[in-house]
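Trainee: I would like the atomic coordinates for the input below:
(one chain, ligands or ions: 1)
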Amino acid sequence: MIETNSTCRMLFNGGLTINPDGRILLCCASTQKELAHISDIDNLNEFYNSSLLNEIREIMKSGSLPEDWCFSCIKWRENGERAAIDDWVKREIKWNQDDVEYHIINFLEFAPSNMCNQNCAMCGSVYSSKWIEWDNDALEDGLTFRFKEKHQYVTNFHNEVWSMNDKDLQKIYDVLPNVKRINLKGGEPFADKRNYDLIRYCMKLKNPPIISSTTNFSSIPNEIMDLICDYPKFRMGVSIDGTDKVYEWVRGASYKQTIDNCHTYMKRSGNERLVATATPTIYTLYSLDDYMLEMKSLGFKRMQFMSCTSPKYVSVEAEENIENYNEKYKRFLASYNEVDIINPENLYKRKYDVSIKKSHVRDWIEFMNKKRGFDIRDHVLELSKF
Ligand code: SF4
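Mentor: The predicted structure is shown next:
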């Protein structure tokens, strides 16, 4: 079969995304609707070949992306931005020329729970168990703009730890022998000990899959450090978006401890195997050049920049003069060498979003200041304008 502009590899030779609450999604960018719940299906490969998935394949084969499911990629393309279908999906999933009648899952992205040991400023209780109490506090403080019924996938309030039950987790184990790539997500992937068992299980497979995961690395038990260093195909990202107090305000963990853990991993596995993964927000926007210089001096050889557009009130797109920063970072990157940058455009292709209310940005800063015990505006003076 010939690959076209609309045949997403996720559906052809790819796989599925399973959220910690068991909802099965087409991919991590397809967040408006779920395909099914893992408890309602018997077998993931069978489901991957169900009439629902085949209908989506047929739409793609006929030359368009299904709007209901692939709205994110459609919008990214319309805006001239790099869409998942053209970007990381192609990097991670190979195209198969053969016309297969039965599709085998090669790629799985999943999290067995939303257990986390951090409460980052741009996260919420859907993805971090540590946010449950704080989201309650935010509600009590009247920050109702944070909770929108329609936006249930990112920040909407969730008041319990989500955890996949053993029966559903077994359905994942059932397909692992054929899987070539796993994206282990969270919560914090290493906060849930069941992921240790899963890594051990994969290690013993005839063809261990590539496992990629992004950790906060703020606290790593020796047991898991040994496992990830010994696993032959582990691709590790560490979430660091700023330095020192800015990092500590955004992520709520000790900067020194995180860097020490990075160095322990680098010493054992090599500097190339650890990618510093930054999600620029309005809090880190103003010092991304200093941040990149520091990452380089700490020995990172690879960096990745993500785009955070939800919740909007933490986004860099709240900055009216974003064009100035786009220019600044474009110039900076021209002379920044020795470090590979994945998705550099997330540093300089951002647009001001007039719909972001300054009062929401300010209220969220005030709330997080209270929680962290210090004022981020003492370290990022530019935030005083909100
Ligand atoms: S949203 Fe994009 S990446 Fe996801 S399945 Fe659709 S086209 Fe593929």
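Trainee: Point out where this protein drops to low pLDDT.
Mentor: For the chain, the stretches with pLDDT under 70 are 148-158.
Trainee: Identify the residues contacting Asp290.
Mentor: Thr243 (C-beta atoms under 8 Å, 6 or more residues apart in numbering). All C-beta spots, glycine's among them, are computed from the backbone N, C-alpha and C.
Trainee: who's in contact with Ser50?
Mentor: Neighbours of Ser50 in contact, by C-beta under 8 Å, 6+ apart: none.
Trainee: Phi and psi next, for it.
Mentor: Here is the backbone geometry of Ser50 (degrees, to the nearest 10): phi -70, psi 170.
Trainee: try Pro232
Mentor: Dihedral angles for Pro232 - degrees, to the nearest 10 - are phi -70, psi -30.
Trainee: Next: Arg181.
Mentor: Taking degrees, to the nearest 10 as the convention, Arg181 sits at phi -150, psi 130.
Trainee: Check Pro208 too.
Mentor: Per degrees, to the nearest 10, the backbone of Pro208 is at phi -60, psi 130.
Trainee: go on, Asn326?
Mentor: The phi/psi pair for Asn326 (degrees, to the nearest 10) is phi -60, psi -50.
Trainee: One more: Phe107?
Mentor: phi -130, psi 130.
Trainee: close enough to count as contact, it and Lys180?
Mentor: Yes. Counting by C-beta atoms under 8 Å, Phe107 does reach Lys180; the two are 7.0 Å apart.
Trainee: Between these two, point out the one with more neighbours.
Mentor: For the pair Phe107 and Lys180, the greater number of neighbours falls to Phe107 (23 against 19), based on other C-beta atoms under 10 Å.
Trainee: Tell me what the more buried one is bridged to.
Mentor: Beta-bridge partners for Phe107, by DSSP bridges, are Gly15, Arg181.
Trainee: measure it to Leu176 for me?
Mentor: Applying C-beta to C-beta, to the nearest Å, the value for Phe107 to Leu176 is 12 Å.
Trainee: Now list whatever residues contact both of those two.
Mentor: With C-beta under 8 Å, 6+ apart, Phe107 and Leu176 have common neighbours Ile182.
Trainee: show me where the stretch 1-150 of the chain has helices.
Mentor: 44-48, 51-61, 67-78, 88-92, 131-140 (DSSP state H, counting those that start in this stretch).
Trainee: got it, and the stretch 201-350 of the chain?
Mentor: Using DSSP H, counting those that start in this stretch, helices in the stretch 201-350 of the chain cover 222-230, 244-251, 255-269, 288-297, 322-334, 345-348.
Trainee: how about these in CSV, adding distance to the ligand?
Mentor: CSV is the format used below for those (distance: least, C-beta to the nearest ligand atom, whole Å):
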stretch, distance to the ligand
helix 222-230, 27
helix 244-251, 28
helix 255-269, 29
helix 288-297, 27
helix 322-334, 25
helix 345-348, 17
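Trainee: ok, which residues in the stretch 1-150 of the chain are in contact with the ligand?
Mentor: Counting by C-beta under 6 Å from any ligand atom, the residues of the stretch 1-150 of the chain lying close to the ligand are 8, 10, 26-27, 29-30, 65, 69-70, 72-73, 84-85, 89.
Trainee: What is the burial count for the residue of the stretch 251-386 of the chain found nearest the ligand?
Mentor: Relative to the ligand, the nearest point of the stretch 251-386 of the chain is Ser307 (14.4 Å; C-beta to the nearest ligand atom). For Ser307, the tally of surrounding residues (other C-beta under 10 Å) stands at 19.
Trainee: mind checking the end-to-end distance for stretch 94-103?
Mentor: 13 Å (C-alpha to C-alpha, to the nearest Å).
Trainee: Would you quantify the distance from Ile282 to Glu101?
Mentor: 50 Å.
Trainee: neighbour-wise, which of those two wins?
Mentor: Using other C-beta under 10 Å as the criterion, Ile282 and Glu101 rank with Ile282 on top: 27 against 6.
Trainee: ok, the more buried one touching Ser315?
Mentor: Yes. Between Ile282 and Ser315 there is a contact under C-beta under 8 Å: 6.4 Å.
Trainee: which one is Asn183 nearest to, not counting chain neighbours?
Mentor: Spatially, and ignoring its direct neighbours in sequence, Asn183 is nearest to Glu109 (3.9 Å; C-beta to C-beta, 6 or more residues apart in numbering).
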